[in-house]
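*Asks:* Everything below, folded, please.
(4 chains)
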Amino acid sequence: MKLFEYQAKEVFVQAGIAVPKALLADSVESVAAAAESIGYPCMLKSQMLMGGRGNKGLIPRVSSQAQARSEAQRLFRGEYSIKKILVEEAVDIQQELYLSVTVDPLAAEGVVICSAEGGVEIEQLAVENPEKILTEPFDMVRGLQSFQVKDLSYRLMPSTEATKQIQKVITALYQIFTSYDAELAEINPLFITASGQVIAGDGKLMIDENSMHRQKRFERTRDYYESDMEFEAAQAGIPYLQFDGDISLMCAGAGLTTTVYDLINYEGGSIANYLEFGGPNYRKAYEAMELCLRNDSKVILVVTFGTIARADVMAEGIVDAALRLKADRPIVTCIRGTGEQEAAQTLKAAGFEPMFDTEEAVRKAVALAKGAGRP
Amino acid sequence: MKLFEYQAKEVFVQAGIAVPKALLADSVESVAAAAESIGYPCMLKSQMLMGGRGNKGLIPRVSSQAQARSEAQRLFRGEYSIKKILVEEAVDIQQELYLSVTVDPLAAEGVVICSAEGGVEIEQLAVENPEKILTEPFDMVRGLQSFQVKDLSYRLMPSTEATKQIQKVITALYQIFTSYDAELAEINPLFITASGQVIAGDGKLMIDENSMHRQKRFERTRDYYESDMEFEAAQAGIPYLQFDGDISLMCAGAGLTTTVYDLINYEGGSIANYLEFGGPNYRKAYEAMELCLRNDSKVILVVTFGTIARADVMAEGIVDAALRLKADRPIVTCIRGTGEQEAAQTLKAAGFEPMFDTEEAVRKAVALAKGAGRP
Amino acid sequence: MSIFLDRDTRVLIQGMTGNEGSFWAQHMIELGTQVIAGVTPGKEGELIHDRPIYHSVRRAVRNHDVDAAILFVPPRFTRDAVLEAIDSGIRKIVTIADGIPLHEMVEIRASAKAAGAMVVGGNTSGVISPGEAMMGMFPYWIERVYAPGKIGIMTRSGSLTNEVTAMVVRAGFGVSTLVGVGGDPVPGTRFAEMLPLYEADKKTEALVIIGELGGSMEEEVAVAMQSGICTKPVVAFLGGRTAPKGKRMGHAGAIVSGGKGTVEGKIKALEAAGGRVAGRPSEVGELLRALLEEREA
Amino acid sequence: MSIFLDRDTRVLIQGMTGNEGSFWAQHMIELGTQVIAGVTPGKEGELIHDRPIYHSVRRAVRNHDVDAAILFVPPRFTRDAVLEAIDSGIRKIVTIADGIPLHEMVEIRASAKAAGAMVVGGNTSGVISPGEAMMGMFPYWIERVYAPGKIGIMTRSGSLTNEVTAMVVRAGFGVSTLVGVGGDPVPGTRFAEMLPLYEADKKTEALVIIGELGGSMEEEVAVAMQSGICTKPVVAFLGGRTAPKGKRMGHAGAIVSGGKGTVEGKIKALEAAGGRVAGRPSEVGELLRALLEEREA
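*Replies:* Residues are numbered from 1 along each chain as shown, chains lettered A, B, ... in the order given. Okay, the predicted model is just below:
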């Protein structure tokens, strides 16, 4: 679960990491009021989960109330359906660092990553000047040790007033990483101000989905999703991504669904939605098909090859859902795995054509999508 | 720092370990009131740090208010200067277990120790039937694992309703051990009641003295000491033990002081007080001598052999303290180590006889103590 | 022969009395797996499929020789169960749990490495040597998928594995051992770590790896091929070639990050090392045949 | 020759810029110890006694060959400083801090063992090879105590060490290496773990151990003597023979618990193994002489 900047910064403050003075606003009026309170110049930071906000013009700097209003209006009405803006003081920056704590999956250990040259170009720096990226791996059972933090801080910076503050920030970010079961805790940029203060300019905190049972602090509201459909699918526990093509996927398993996605593209088709119906969801044919039908798609393509997710149960579910939902478009079924013979009989009896070859099924769906007018 | 039973039980309750219903009382009146509230029969548990309370008759069982009053009177006025009594319900006991978590110093790891046969005879059991004492060592960095707790519980007990409760108690006691920096966290006996409840019958919690900087919860009040003198010495940071012999020790270092203690006994002398004056206390001659003079001793014996604790400073301190405190008894000085020549000159100039051989000094002190009348 | 497990492997099942554990225990036995005993705290004395249940792994290994353990244990208890197996000296462990907390998975892998143990999973269907033995959950009863043979298969996926394996079998091959390393970002065992076992296995003539975008496990196979650790022919099928950047499709392993882990990069690495990469599942069989024929020639 | 440290041992001092560190660094140098460099975070670039100071141990070992480290670091930072030294590959570490939390000392010892390092202390004066080198705080300038010679001394005490060593020297002997293992209940290194070093040291002809009630380190020496790990004559002086039971005299190591750790038990064990136990410090010399003469005869 990826948190919004304003949430990450709340966590930072609790852990003792300084952040710029800021107020959260959710309307043009409240942005204007917040800007007056913070003072000018200030930054209007669009709260969205996608990266690259700066380059997309989503973090304008404003110098007057009028400008704050007009920029807020632009942001709230723009294409990214921004719901909240963090109005933040413009900090007098002397240096921008990069700092993060994450898991190195290959080494299977924790790692602190930092650079004296932070900011938006960090990925480029990592490719072009990898020696400027410093890493400090640590044992996740024993934890990051104080001596490691100190050594890293002196590798990062010559000994200055800021060094001890940086040690505290590293330690605090590590503690956040641990106590929030984070996949990633990142500050980029980490400002050093003209007066020598160390302040988190941005905040990224990704909490491991598998640890949410002990991380109940954050509710996953509509704000976290790009569309109503994705939100509703998530509420139903169904992995779902919205696209704007012709074929609604209703497949089982991440790997197989992704493969079908590829195959449709190879065949010149286009995808309306990615939907995983399988694994623990294999009895949710009704909910899954309802989501697909709400799309402006031309065909529904069902591809499964389940073991525990029984083919016969899924076939029954598809037949039942198509009937009850009065499915208004062709449904191509390629349902294999445990109970596939019974599944084929069920499908046939209901007038579906049971297929056994994924690539054939994909070709059929693409052909149908291309040939089909709206019913 | 060893806690009183009632304090240990407060910690237990916070950690989720059940204890018998109890009230703390500090007067005959409050004991009587507590007993009425708890109901009869109940136990009057003298709160003292020394072990073997039961065998000393310090945990009477009472069945009426009159008995509660008379027993409370006996306890408060007895030789052990008891300040508090825990009035506790008499539990209907089916079985008494033993459980503790401590450090195995040889293996340098944590260890859970338990036995299905707890109670006052546990030390004897350990000698006579060591196979009845079960141990589960654990890595103190990684911590005691859930599977270890489970395995231990099934070694301890056949699978019963109580087994899962015991697992919880072991886990909670381990967490106390860790979070309180305990040298020892012990429950003996751990009751299993007739109704299958698992309840801590007693509680012992010893907090590592070296970790007190992060364990500020417990103030070391007068109650912790057997005498006013020991309390005052502790306040001054001076290791002090009260005895009732003739020679007041004022020595440097635990090992040397203990050795002088032995040598006095070999020579047929007797010790009035054990006092460590040295190490970080080597400038506290005045406070140390004041404590010694308050004893009914006949001689003060000063033996040091310091490195950082400079002999010249200690000699000056002794001379100054003797003068200012108008020392009323002979002082034998054997002050060696860094600056010992200057020390000898200082002592000689003040009329003391500087000695260099510990055993001679001891013999002299013993002779003086035997020969001396009260001045 | 086969790798990791065969007819002689004595298997302990942790969590054997649960629905899932009991169901798959039955199938493991039916396929011929030597399921020796099970573990469920509090259930010692029970029998499941005539196998004795013990309170703890320690108690089980005191009574039986055990070579390997498979865990049917919920994800949040997996760390403890794996550490328990390691503590009892078991050195082959399969954990099928989907949803093991990342930080705990890191600890599991580190503990296994320190003990010289191999943990396969989580988020996997397990390991199967068709016709011999199984530790996991595979529809071995579908013969058009799980036919015995000479191809070693490693996979990060579930349903896709059935899909691709069916294509391998349709092309006339069979499977020596199929290892699902699992779809988590930190798996207990990585593709490349299985390669020495396949290399030493006389039965295995070629390898198929079923990968996907994200992570670096496919690239590591390429390195092993180039350094001579893996000399057998390798064909890969990789899902996610057309996946849009930044969209999170499927599990966490499938995040494209920082230019690494792209399917293009993986294809390049594998082909440079002499492997072949199939664009569609149906191509895997032809590529295998071509590579094996090249070798013979 | 000598054990643990000699003229050639290159010593790093952690916490060298503090009062204590700087003071004893000077004395270590005066005695002839090769003090190479120091570590104090934030003070890199400074010189103390002409030795360079570094921010961290890693930075020091990158610039110098270091054989051993001594820590003048407060007890609550000792764990971190020891782990830092171990992390940098230093395998001989002396920590003089008095008051290291017990749970952290357990971690220190476990970490040292895992890394194959030897940590001497805490709560010790350190190690001295009189006339050669010192890592610690000994009044080496008092010649009637710290004369070079052929007796290896191990001790749990401070002032008592000066007392007993003075008696050894008064009897005409000198000291090869004196190791203060420290007075804490969990020392970094135990008496018995030093024995193989003394056994291999040609200069050391006999051993004196200065023990006390509590713990089992003296009994472990007896076991080592009986199993042939230690074949040199051993004389022990043990304090606390007349200590009242249950009274806590001095540091935590001196708790009599559960019938174990009594002075009587220690005497019995050592004498059964062929050692001698002095009742008074002044007897140590005679017993040494007697044992050495027996050997020669």
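
*Asks:* Run me through the strand neighbours of whichever strand or helix holds A:I199, direction for each.
*Replies:* Taking DSSP states H and E as the definition, one finds A:I199 inside strand A:198-200. Using DSSP bridges, strand A:198-200 pairs in its sheet with strand A:182-193 (antiparallel).

*Asks:* Compute the distance from the centre of the partner strand to the centre of its chain.
*Replies:* Remark: strand A:182-193 is offset 18 Å from the chain centroid, using CA atoms, centre = their mean, to the nearest Å.

*Asks:* Off-centre distance for the strand holding A:I199?
*Replies:* With CA atoms, centre = their mean, you get 25 Å for strand A:198-200.

*Asks:* ok, and what's touching that strand?
*Replies:* Here strand A:198-200 makes contact (CB atoms under 8 Å, 6 or more residues apart in numbering or on different chains) with A:9, A:12, A:17-20, A:91, A:162, A:165-166, A:169, A:187, A:190-193. Yep, even glycine has a C-beta here, placed from its N, CA and C like the rest.

*Asks:* Neighbour-wise, give me the winner out of those.
*Replies:* Ranked by neighbour count (other CB atoms under 10 Å in any protein chain shown), those have A:I187 at the top, with 30 neighbours.

*Asks:* Bridged to it, which residues?
*Replies:* Note on A:I187: beta-bridge partners A:L99, judged by DSSP bridges.

*Asks:* list the contacts for it?
*Replies:* A:I187 makes contact with A:12, A:17, A:97-100, A:169, A:173, A:200-204, according to CB under 8 Å, 6+ apart.

*Asks:* same deal with A:T193?
*Replies:* A:V91, A:D92, A:I93, A:Q94, A:I199.

*Asks:* Can you report how many residues neighbour the closest residue to C:S129 other than its chain neighbours?
*Replies:* Closest residue in space to C:S129, ignoring its immediate chain neighbours: C:S2 at 3.6 Å, by CB to CB, 6 or more residues apart in numbering or on different chains. By other CB under 10 Å, 25 other residues sit near C:S2.

*Asks:* Over to C:S2. Which of the three states is it?
*Replies:* What DSSP: H, G, I helix; E, B strand; the rest coil gives for C:S2 is coil.

*Asks:* pLDDT score for the closest residue to chain D within the stretch 151-297 of chain C?
*Replies:* Using CB to the nearest CB, the closest approach of the stretch 151-297 of chain C to chain D is made by C:G188 at 22.4 Å. For C:G188, the pLDDT comes out at 97.

*Asks:* just the one 5 residues further on next, same as before
*Replies:* Reading off the per-residue confidence, C:E193 sits at a pLDDT of 97.

*Asks:* That one sits in which helix or strand?
*Replies:* For C:E193, the host element (DSSP H and E) is helix C:191-200.

*Asks:* Look up the closest residue to C:L288, ignoring the ones flanking it.
*Replies:* Nearest non-adjacent residue to C:L288, counting by CB to CB, 6+ apart: C:V235, 5.1 Å away.

*Asks:* what do you get for C:T33?
*Replies:* Spatial nearest neighbour of C:T33, chain neighbours left out: C:A133 (4.1 Å); criterion: CB to CB, 6+ apart.

*Asks:* Test my guess that that neighbour contacts C:E30.
*Replies:* No. Between C:A133 and C:E30 no contact is recorded; they are 10.9 Å apart, counting by CB atoms under 8 Å.

*Asks:* Among those two, which residue is more densely surrounded?
*Replies:* Shown here are C:A133 and C:E30; by other CB under 10 Å, C:A133 has more neighbours (26 against 12).

*Asks:* May I have the beta-bridge partners of the more buried one?
*Replies:* Bridge pairing for C:A133 (DSSP bridges) gives the partners C:S129.

*Asks:* With C:I153 instead?
*Replies:* Under the criterion used (DSSP bridges), C:I153 bridges to C:L178, C:V208.

*Asks:* after whichever strand or helix holds A:L256, next one along is what?
*Replies:* Using DSSP H and E, the element containing A:L256 is helix A:254-266. Note on helix A:254-266: by DSSP H and E, the next helix or strand toward the C-terminus is strand A:271-275.

*Asks:* mind checking how far that following strand is from the chain centre?
*Replies:* Per CA atoms, centre = their mean, the displacement of strand A:271-275 from the mean C-alpha position of its chain is 17 Å.

*Asks:* near chain C at all, the following helix or strand past that strand?
*Replies:* Using DSSP H and E, the helix or strand that follows strand A:271-275 towards the C-terminus is helix A:285-293. No. Contact of helix A:285-293 with chain C (CB under 8 Å from any CB of the partner chain) is absent, the minimum separation being 14.9 Å.

*Asks:* ok and helix A:285-293 relative to strand A:271-275, angle-wise?
*Replies:* Here helix A:285-293 runs at an angle of 150 degrees relative to strand A:271-275 (axes from the mean of the first three to the mean of the last three CA atoms, to 10 degrees).

*Asks:* In PDB, list the C-alpha atoms belonging to the very next helix or strand once past helix A:285-293.
*Replies:* Downstream of helix A:285-293, the first helix or strand assigned by DSSP H and E is strand A:299-306. Extracted in PDB, the C-alpha atoms of strand A:299-306 (Å, rounded to 0.1, in the frame of the first residue of the first chain):
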ATOM      1  CA  VAL A 299     -16.000  -9.300 -25.800                       C
ATOM      2  CA  ILE A 300     -15.400 -11.000 -22.500                       C
ATOM      3  CA  LEU A 301     -12.500 -13.500 -22.600                       C
ATOM      4  CA  VAL A 302     -12.300 -16.100 -19.800                       C
ATOM      5  CA  VAL A 303      -9.000 -18.000 -19.600                       C
ATOM      6  CA  THR A 304      -8.200 -20.200 -16.600                       C
ATOM      7  CA  PHE A 305      -6.000 -23.300 -15.900                       C
ATOM      8  CA  GLY A 306      -6.700 -23.900 -12.200                       C
END
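
*Asks:* Identify each buried residue in the helix or strand that strand A:299-306 is followed by, please.
*Replies:* Per DSSP H and E, the first helix or strand lying C-terminal to strand A:299-306 is helix A:311-324. For helix A:311-324, the neighbour count (16 or more other CB atoms under 10 Å in any protein chain shown) marks A:A311, A:D312, A:V313, A:M314, A:A315, A:E316, A:G317, A:I318, A:V319, A:A321, A:A322 as buried.

*Asks:* one step back: out of the contacts of A:I187, which is most surrounded?
*Replies:* For the contacts of A:I187, neighbours tallied by other CB under 10 Å; top is A:L173, 28 neighbours.

*Asks:* pretty sure it is in a helix, no?
*Replies:* Yes. Read with three-state DSSP, A:L173 is one of the residues of a helix.

*Asks:* So it is in contact with A:L184, correct?
*Replies:* No. Using CB under 8 Å as the test, A:L173 is too far from A:L184 to be in contact (10.5 Å).
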